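Student: Next input, structure requested:
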Amino acid sequence: MTPANVIIVCVVALVSIGLAVLFSASSPIKGGPYAYLYKQFIFLALAIGAGWLVAIADLEQLRKFAWVASIVALVALVVVLIPQIGIAVKGSRRWLGLGGVRLQVSEFAKLALVFSLAHYLAQNQSRLHDFWRGFVIPSAWTGLFALLVLAEPDFGTAFLLGAIGMILLFLAGARLKFLLPTIGAALAGFVVLVLNNPVRLRRITSFLDIEANRGDGAYQLWQAILAFAAGGVDGVGLGNGRQQNSFLPEAHTDFIFAIMGEELGLIFTLLVVALFVTIFIAGLLHVRRAPNLFQFLLVTGCLLLICLQAIINLGVVTGMLPTKGMSLPFISAGGSNLLLMGLLVGVIINSQRTWERPKPLVRRRTLTEVVA
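Tutor: Residues are numbered from 1 along each chain as shown. This is a model prediction of the structure:
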């Protein structure tokens, strides 16, 4: 089995587990579990369709539209900040309404950034040691995406975009003497913004002493820890958990992993972690066979979008990182993220199909033909 096929099997397993846990986690919500499950199935079908279209496309031909897709994403990030257009939920303006459907613009901006960066860095491969062409321009491009997402505000996604942008720059060959000071300055600026934002600052201080703040800023995390404790090794059984009964906020989205820990226990939570680790390792083995820098960076960026988002979500839910609203890929409820994951997997399937395509045999000319 090829590494890309291993990734596909892991994704199918994660989606299957996610649907089962989502059915249980959304049972107390208005409309019942079938309402969320029905919506998730619709977006799953759309994600499969979008992934299939990307899988059969010609990535080299799609490169012609890299800047168009990026400009559209940037315009959407600006439009969502307009009060009369963007939909605000809990103080964050991240969604655009299309009929009765809400789409989170920043999810698709992630892929647009990776796509355009891969295209630019491959196009300027011979100039990557140049300060302006090889560092300033791609760094500023990454920063533009991150700043617009930060304005929503969405600190977690902005951090994710910045991290992936810097990793792709490093892998492409940008100089460390430019990268390291920029990363340090960006982290310092990020810390200053957090310290001057009362909501984010309270999350940090609550994270530092969870038990003392369990009735206030750390309430959600404390309930998640209780869920893991109640689940033990083999769990209390699917549908028998208590945390989704209005104890744990966002049980079906950001904190669905805690519901899994309570109902299915340590065995299934470790299985989910193992599946994401397998995706990452298989992805590393797969990208080694990339035919050019563009496809190497594109597939690597897609792999990082899946795995880094999973790391952040798992770190938050288990108390290893400060609380941040970010979906668990393939498992959490949420149409926008599921659509993005479908597109990312589609790129990986596409790379498997094209990288393994047999090259045409070149017939060697005989000595007589050469002389003639």
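Student: pull the helix or strand with minimum mean pLDDT from this protein.
Tutor: Of all helical and strand segments in the chain, the minimum by mean pLDDT, DSSP states H and E falls on helix 367-371, at a mean of 47.
Student: where in the protein is pLDDT low?
Tutor: 27-33, 246, 250, 356-372 (pLDDT under 70).
Student: Point to the residue nearest the middle of it.
Tutor: Closest residue to the average C-alpha location of the chain: residue 305 at 3.8 Å, with CA atoms, centre = their mean.
Student: quick one: contacts for that residue?
Tutor: Residues near residue 305 by CB atoms under 8 Å, 6 or more residues apart in numbering: 110-111, 114, 160, 164, 340, 344. Bear in mind the C-beta positions are built from the backbone N, C-alpha and C, glycine included.
Student: Likewise for residue 251?
Tutor: Going by CB under 8 Å, 6+ apart, residue 251 touches 25-26, 243-244, 258-259.
Student: can you check residue 92 too?
Tutor: 152-154.
Student: That one and residue 156: what is the separation?
Tutor: 11 Å (CB to CB, to the nearest Å).
Student: picking up where we left off before, reformat the contacts of residue 92 as JSON lines; add neighbour count, distance to residue 104 and secondary structure.
Tutor: Shown next, in JSON lines, are the contacts of residue 92 (neighbours: other CB atoms under 10 Å; distance: CB to CB, whole Å; DSSP: H, G, I helix; E, B strand; the rest coil):
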{"residue": "152", "neighbour count": "22", "distance to residue 104": "10", "secondary structure": "coil"}
{"residue": "153", "neighbour count": "17", "distance to residue 104": "14", "secondary structure": "coil"}
{"residue": "154", "neighbour count": "22", "distance to residue 104": "9", "secondary structure": "coil"}
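Student: quick one: the strands in the chain?
Tutor: Counting by DSSP state E, the chain has these strands, from start to end: 87-89, 92-98, 101-104.
Student: So for stretch 210-219, what gets flagged as buried?
Tutor: Neighbour-count burial for stretch 210-219, with 16 or more other CB atoms under 10 Å as criterion, is recorded at 210, 213-214, 217-219.
Student: Equivalent analysis for stretch 105-124, please.
Tutor: Applying 16+ other CB under 10 Å to stretch 105-124 flags 105-122, 124 as buried.
Student: Now distance to residue 39 too, for the strands of the chain, in CSV please.
Tutor: Below are those laid out as CSV (distance: least, CB to CB, whole Å):
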stretch, distance to residue 39
strand 87-89, 16
strand 92-98, 14
strand 101-104, 9
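Student: Indicate which one of the ones you listed is closest to residue 233.
Tutor: Nearest to residue 233, of all the strands of the chain, is strand 101-104, at 35.5 Å by CB to CB.
Student: Only the buried residues of the closest one, if you could.
Tutor: 103-104.
Student: And for stretch 76-88?
Tutor: Neighbour counts using 16+ other CB under 10 Å place 76-77, 80, 86 of stretch 76-88 among the buried residues.
Student: Also stretch 282-302?
Tutor: Taking 16+ other CB under 10 Å as the criterion, stretch 282-302 shows 282-283, 286-287, 289-290, 293-302 as buried.
Student: Nearest to residue 186 among those?
Tutor: For the buried residues of stretch 282-302, the minimum distance to residue 186 (CB to CB) is 18.3 Å, reached by residue 301.
Student: May I have the residues that are in contact with that closest one?
Tutor: So residue 301 contacts 114-115, 117-118, 164, 168 (CB under 8 Å, 6+ apart).
Student: and those as a markdown table, adding distance to residue 50?
Tutor: Output for these, formatted as a markdown table (distance: CB to CB, whole Å):
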| residue | distance to residue 50 |
| --- | --- |
| 114 | 16 |
| 115 | 14 |
| 117 | 21 |
| 118 | 19 |
| 164 | 20 |
| 168 | 23 |
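Student: tell me the helices in the stretch 151-300 of the chain, going along the chain?
Tutor: Ranges of helices within the stretch 151-300 of the chain are 155-172, 176-195, 198-208, 219-231, 256-287, 293-317, based on DSSP state H, counting those that start in this stretch.
Student: and the angle for the first one with helix 198-208?
Tutor: So that's helix 155-172. Counting by axes from the mean of the first three to the mean of the last three CA atoms, to 10 degrees, helix 155-172 lies at 80 degrees to helix 198-208.
Student: ok, back up a step: nearest to residue 6, out of the strands of the chain?
Tutor: Of all those, the one in closest proximity to residue 6, counting by CB to CB, is strand 101-104 (29.0 Å).
Student: Tell me the strands beside the closest one, with direction?
Tutor: With DSSP bridges as the test, strand 101-104 is paired with strand 92-98 (antiparallel).
Student: The partner strand: how far from the chain's middle?
Tutor: When distances are taken as CA atoms, centre = their mean, to the nearest Å, strand 92-98 is centred 18 Å away from the chain's centroid.
Student: How many neighbouring residues does residue 267 have?
Tutor: Residues near residue 267, counting by other CB atoms under 10 Å, number 12.
Student: OK, contacts around residue 327?
Tutor: Residues near residue 327 by CB under 8 Å, 6+ apart: 253-254, 309, 313, 334, 337.
Student: I meant to write residue 343 there.
Tutor: Each residue near residue 343 by CB under 8 Å, 6+ apart is listed here: 47, 50-51, 54, 111.
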